[in-house]
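>>> Return atomic coordinates for the entry below.
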Amino acid sequence: MAASFPSEIAMRAAAWCLVVLLGACVSKAPTGLEKIRFDLKKVDVNGLEGPSTDKREIAYQFCVPNTEDKRIEIAELDPTARFESEAAGRAGCTADQILVHARTGAPNWRGRMEAVAALPYVKSIRRTPYGAVDQP
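Residues are numbered from 1 along each chain as shown. Next comes the predicted model:
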């Protein structure tokens, strides 16, 4: 009986380690929503916020690497995207990045924003004062 006691302790220890390791594996991966630096709860399904008599879309901006493939990827994800080179914006773009302006007032605004936020090279999405971006 004394011989089985250490093996029982080892088995329990191994089981505990397995539980801890599996728990780490199933933790929820970040979705990118934590990168969005303004409250989405105030935005309705049409991408508008404000009282019913004065609904407005939200303009926002973020930085991406200033490469053709990244600009194409963003433009495909969000057709409202407009690129502004040599500007840091509220998002704080660096010399090797390009500032991207986008807006919520278009179909599937939330899905588009979440897809952009999930990209590893997008570090934050910040609100822009309304009217600060020329819209087409």
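
>>> just for this protein, where's the confidence low?
Within the chain, the stretches with pLDDT under 70 are 1-30, 130-136.

>>> what's stretch 84-102 in contact with?
59-66, 71, 74, 78, 80-83, 112-113, 116, 124-128, 133 (CB atoms under 8 Å, 6 or more residues apart in numbering). In this view, the C-beta of every residue, glycine as well, is placed from N, C-alpha and C.

>>> now do 6 Å
With contacts defined as CB atoms under 6 Å, 6 or more residues apart in numbering, stretch 84-102 is touched by 60-66, 74, 78, 80-83, 126, 133.

>>> ditto for stretch 73-83
64, 71, 98, 100, 101, 102, 103, 106, 112, 115, 116.

>>> before we move on, which element is residue 116 in?
helix 109-117 (DSSP states H and E).

>>> got the CA positions of that helix in CSV?
Extracted C-alpha coordinates of helix 109-117, given in CSV (Å, rounded to 0.1, in the frame of the first residue of the first chain):
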residue,chain,number,x,y,z
TRP,A,109,-20.5,48.8,-40.6
ARG,A,110,-19.9,46.7,-37.5
GLY,A,111,-18.7,43.6,-39.4
ARG,A,112,-16.3,45.8,-41.4
MET,A,113,-15.0,47.5,-38.3
GLU,A,114,-14.5,44.2,-36.4
ALA,A,115,-12.7,42.6,-39.4
VAL,A,116,-10.3,45.6,-39.5
ALA,A,117,-9.8,45.5,-35.7
